[in-house]
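next one to model:
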Amino acid sequence: MSVMVRIPTPLRRLTNGQDKVSVEGDTLDAVVTSLEDQFPGIKARLCDDQGQLRHFVNVYVNGEDVRFLDGLNTDTSD
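Numbering: from 1, shown residues only. I've put the predicted structure just below:
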């Protein structure tokens, strides 16, 4: 499934200045992996050494904070 990801200004240097990118993934974890495949180094900015979202990174899926959902296991939709 194709997902549109909005990239915050501090991370846009990793996406060649793009503020939105389209990637594949049916969970947030799959989306992060797809982002890393397209834009090497972005996962290290989003996730810690244990592979969990960094505490200062806010991620929303359809307006919902994933910390109150299933974290990286949160399902995504088109």
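
quick one: the helices in this protein?
For the chain, the helices defined by DSSP state H occupy 28-38, 42-46.

got TSV for the ones you listed, with distance to residue 22 too?
To be clear about C-beta, it is placed using only N, CA and C from the backbone, and glycine gets the same treatment. Shown next, in TSV, are the helices of the chain (distance: least, CB to CB, whole Å):
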stretch	distance to residue 22
helix 28-38	9
helix 42-46	14
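
pick the most buried one from those helices.
helix 28-38 (a mean of 19; mean count of other CB atoms under 10 Å).

now for that one, which elements pack on it?
strand 2-6, strand 20-24, helix 42-46 (3 or more CB pairs under 8 Å, 6 or more residues apart in numbering; DSSP states H and E).

any regions of this structure where pLDDT drops low?
For the chain, the stretches with pLDDT under 70 are 78.

centre-most residue in it?
Residue closest to the average C-alpha location in the chain (CA atoms, centre = their mean): residue 32, at 4.5 Å.

so it makes contact with residue 47?
Yes - applying CB atoms under 8 Å, one finds residue 32 in contact with residue 47, separated by 6.7 Å.

turn the helices and strands packed on helix 28-38 into JSON lines, including distance to residue 13.
Shown next, in JSON lines, are these (distance: least, CB to CB, whole Å):
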{"stretch": "strand 2-6", "distance to residue 13": "15"}
{"stretch": "strand 20-24", "distance to residue 13": "13"}
{"stretch": "helix 42-46", "distance to residue 13": "10"}
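
residue 20 and residue 73, how far apart?
24 Å (CB to CB, to the nearest Å).
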